[in-house]
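K.L.:
structure of the sequence below:
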Amino acid sequence: MAGSNAGWRVVAGLLIALAGALAAVWAHMPLPWMLGALLVTAATRIGGLGTVCPRPARNAGQWVIGTSLGLYFTPQVVGHIGSNAGPIIAGMLFALGLSFIGTAILRRYTDVDFKTAWFSSAIGGASEMANLAERHGARIDRVATAHSVRVLLVVVMVPFLFQWWGVAGLDPTVPGPRVLHWPGLAALVALTCMGGLLFMRLRLPNPWVLGSMSVAMALTLSGVELSALPDYVPKIGQLFIGWSLGDRYRPDFFRAAPRFIAAVAVFTVIALAMAFGLGALLSLWSAAPVPTLILGTTPGGIAEMAITAKVLQLGVPVVTAFHVTRMVFVVLVTGPMYKFLARRQRDSA
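P.N.:
Down below sits the predicted model:
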């Protein structure tokens, strides 16, 4: 009976997410399949509806995003990314700088300790930052909340800002394979899933995005074009990503720590404003359009920002390169940087 009840909660969650996505399509919202599913799911979960998004749904959504991204990386595109190495490094250092700004804001306006503020402000993957926070004894509930708020605000605000700006289609990139070939598609699915499973077994960050993307990228770079993805598959991936993001929220979300949530929201808005400024500055260094560079430096997640770039046709490979390198850099340096800063604090005490 319990298993049957859980099954209905999953089905109900999927139907609600789908209804939200279709409503967003009808309303001509930007990124409707992700944003519609996210907003309606979050609203119903905060409202107390006990629906469930199972982990395999998010993994499937991330697999779709990773595989579709990998198909963009033709040799010509990779050469274009290489010419943006300087701005990409600047984006990595910018993300590290945001960690210091966010930590200062959270320490000044909330009651969290230094370690919790630091891991809450690091612009890395939410699960990776939560794991680091737990390892160093920070408040994992606050860290998870901070990253949920940041990603939600960025995912909602950026597409609407870009739609208002009217920059969609400014930097289109065509994926390598353009023909749907069913046997080739089956092989592509099998190989990219193996990549995701391998990355997961090796405990690498974002395994279903980066593992599947690595395999698809290696094939595309080698000139092996197994198949394009059917047009409806990216929409399903966006639906699952939106559903899983909205499912993180609970009825007590806004009551749990309103001051902390407000401070994270202020930090996120400041970070977004700085990303817009940095993108404009980097356009003096790069041939990529300003909107592409802004999207590359925004403090959102890889999957969500890649979806935004893909739907708005704003330099998918360049945006992906910005976010992948930033995420790997932040995951690698956040722990050691915390140890260094904590030691400095103890020495000066």
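
K.L.:
how about the strands in the chain?
P.N.:
Assigned by DSSP state E, the chain shows no strands.

K.L.:
and the lowest-mean-pLDDT helix or strand in it, how far out from the chain middle?
P.N.:
The helix or strand of the chain with the lowest confidence, counting by mean pLDDT, DSSP states H and E, is helix 253-256 at a mean of 83. Relative to its chain's centre, helix 253-256 lies at 23 Å (Cα atoms, centre = their mean, to the nearest Å).

K.L.:
tell me where the stretch 101-250 of the chain has helices.
P.N.:
114-121, 126-135, 140-165, 182-201, 207-221, 232-246 (DSSP state H, counting those that start in this stretch).

K.L.:
for Ala342, find the nearest of those.
P.N.:
helix 114-121 (7.0 Å; Cβ to Cβ). For every residue, glycine as well, the C-beta is placed using N, CA and C.

K.L.:
hey, C-alpha coordinates of the closest one in PDB?
P.N.:
The C-alpha trace of helix 114-121 is given here as PDB (Å, rounded to 0.1, in the frame of the first residue of the first chain):
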ATOM      1  CA  PHE A 114      32.000  31.900   9.100                       C
ATOM      2  CA  LYS A 115      32.200  28.300   7.800                       C
ATOM      3  CA  THR A 116      28.400  28.200   7.000                       C
ATOM      4  CA  ALA A 117      28.600  31.700   5.400                       C
ATOM      5  CA  TRP A 118      31.600  30.600   3.200                       C
ATOM      6  CA  PHE A 119      30.000  27.400   1.900                       C
ATOM      7  CA  SER A 120      26.700  29.100   1.400                       C
ATOM      8  CA  SER A 121      28.300  31.700  -0.800                       C
END
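
K.L.:
distance check, Leu161 against Ala168.
P.N.:
With distances taken as Cβ to Cβ, to the nearest Å, Leu161 is found 12 Å from Ala168.

K.L.:
coming back round to it: so which of the helices of the stretch 101-250 of the chain is the most packed in?
P.N.:
Mean neighbour count, computed with mean count of other Cβ atoms under 10 Å, is highest for helix 114-121 among the helices of the stretch 101-250 of the chain, reaching a mean of 25.

K.L.:
circling back: and the least confident helix or strand of the chain, C-alpha only, in CSV?
P.N.:
Taking C-alpha atoms only, helix 253-256 is exported to CSV below (Å, rounded to 0.1, in the frame of the first residue of the first chain):
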residue,chain,number,x,y,z
PHE,A,253,10.8,27.0,3.6
PHE,A,254,10.2,30.8,4.1
ARG,A,255,9.4,30.5,7.8
ALA,A,256,12.6,28.6,8.7
